[in-house]
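**Q** Predicted coordinates and the sequence they were generated for:
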Amino acid sequence: MTAVGIPAGPAADDRSSLAAAVLKRAGRALFSAVMFVVIGYLLWELLLWVADVTPYIAKSPGDIYHFLFTDPDAAANRAVLNHAFWTTVQDMAIGFVGGTVAALVFANLFALRREVEHAVMPAAMVLRTVPLVAMVPLIELIFGRGTWCVAVVAGIVTFFPTLVNVTLALRAVPQESLDLMHGYGATRYVTLRKVQFPGALPALFASARIAAPLALTGALLAEFLATGKGAGYLMLTSSNQGNYDLMWASVVLVVTAAVILYSAISGVETVVLQRFAPEQSRQVI
């Protein structure tokens, strides 16, 4: 315990500041989630009313709630949905983490060696111009109709925005900071680790917030076209079989997961920036 009349000290102040920042970001995330649910519900009902689509195809939020919680087969419906959804999430997570790590490795190599960037970046941009729909069959042939096919597609979707944003952020460090490190005799690696990379953390997390929902979409596309499993394939089969309750429930679950991913990454960003780049955290929180 801290003695009466003795300041808590810098460590305690840092912990209090971090806790306050996390609570502030958590409050914002909770408020955003509530607003998303309310606005989404209103827009959903409005679109159904304006479009006047037959209730056989277009399901309302009440229909989805009944399908998942009050229907006699609700438990079985949730079991089918959960199994497919977690298959998608697990495969997508492998690709998202792998794509992020690969992008960080190459971005740091670009910062250290410009010749590596000149050799790799044009090839990467050419590869990115190929439509993902056209790449999925080739990826399926190479990696098979399983986890790695989905993971590779999710990793490709994650890799490119993260690579571009982090590379640009590593270069955007003020020249005065670089000159100061050079004046103290710091090597390129030390400058990258102490100055450039902490300054690029906001760009990294901004890319992650964008890439995570995109990786989920890429995983669904791979399942839809190639693997025959997961939430993507469930949407396809339920639509073909006329089980629109299951199809709409899958859509709701996927959209909710994307929002949760976005909010979770924002929370991690608050903790990491407060710990490793406090100056950057004041601009984000």
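**A** Now that the structure is in, tell me what you want to look at. Please read these numbers as outputs of a predicted model, since none were measured by experiment.

**Q** and the nearest residue to Val195 once chain neighbours are set aside, how many neighbours?
**A** Nearest residue to Val195, sequence neighbours excluded (Cβ to Cβ, 6 or more residues apart in numbering): Ser177, at 5.2 Å. C-betas here are computed from N, CA, C, even on glycine. Applying other Cβ atoms under 10 Å, we find 14 residues neighbouring Ser177.

**Q** For Thr191, see how far away Ser177 is.
**A** Per Cβ to Cβ, to the nearest Å, Ser177 is found 8 Å from Thr191.

**Q** With Thr88 instead?
**A** Note on Thr88: its distance to Thr191, by Cβ to Cβ, is 41 Å.

**Q** Which one's more surrounded, the two?
**A** Comparing Thr88 with Thr191 by other Cβ under 10 Å, the one with more neighbours is Thr88, at 27 against 20.

**Q** Flag every buried residue along the helix or strand where that one lies.
**A** Using DSSP states H and E, Thr88 sits in helix 74-112. Within helix 74-112, the residues that count as buried by 16 or more other Cβ atoms under 10 Å are 77-78, 80-81, 84-85, 87-89, 91-96, 98-100, 102-104, 106-108, 110-112.

**Q** ok, so what distance separates the most centrally placed residue in the chain from Ser177?
**A** What sits nearest the mean C-alpha location of the chain, by Cα atoms, centre = their mean, is Ala212, with 1.8 Å. Remark: distance between Ala212 and Ser177 (Cβ to Cβ) = 30 Å.

**Q** circling back: the inter-axis angle of the helix or strand that comes right after the helix holding Thr88 versus helix 74-112?
**A** Sequence-wise, the next helix or strand downstream of helix 74-112 (DSSP H and E) is helix 114-129. With axes from the mean of the first three to the mean of the last three Cα atoms, to 10 degrees defining the directions, helix 114-129 sits at 150 degrees from helix 74-112.

**Q** Show me what whichever helix or strand comes after helix 114-129 packs onto, helices and strands only.
**A** Following helix 114-129 in sequence order, the next helix or strand is helix 132-143 (DSSP H and E). Applying 3 or more Cβ pairs under 8 Å, 6 or more residues apart in numbering; DSSP states H and E, one finds that helix 132-143 contacts helix 147-171, helix 197-222.

**Q** quick one: least confident helix or strand in this structure?
**A** Here the helix or strand of the chain ranked lowest by mean pLDDT, DSSP states H and E is helix 278-284, holding a mean of 57.

**Q** contact partners of stretch 101-118?
**A** Identification of contacts with stretch 101-118 by Cβ atoms under 8 Å, 6 or more residues apart in numbering yields 120-121, 124, 155, 158-160, 162-163, 166-167, 170-171, 188-189, 192, 196-197, 200, 204, 207.
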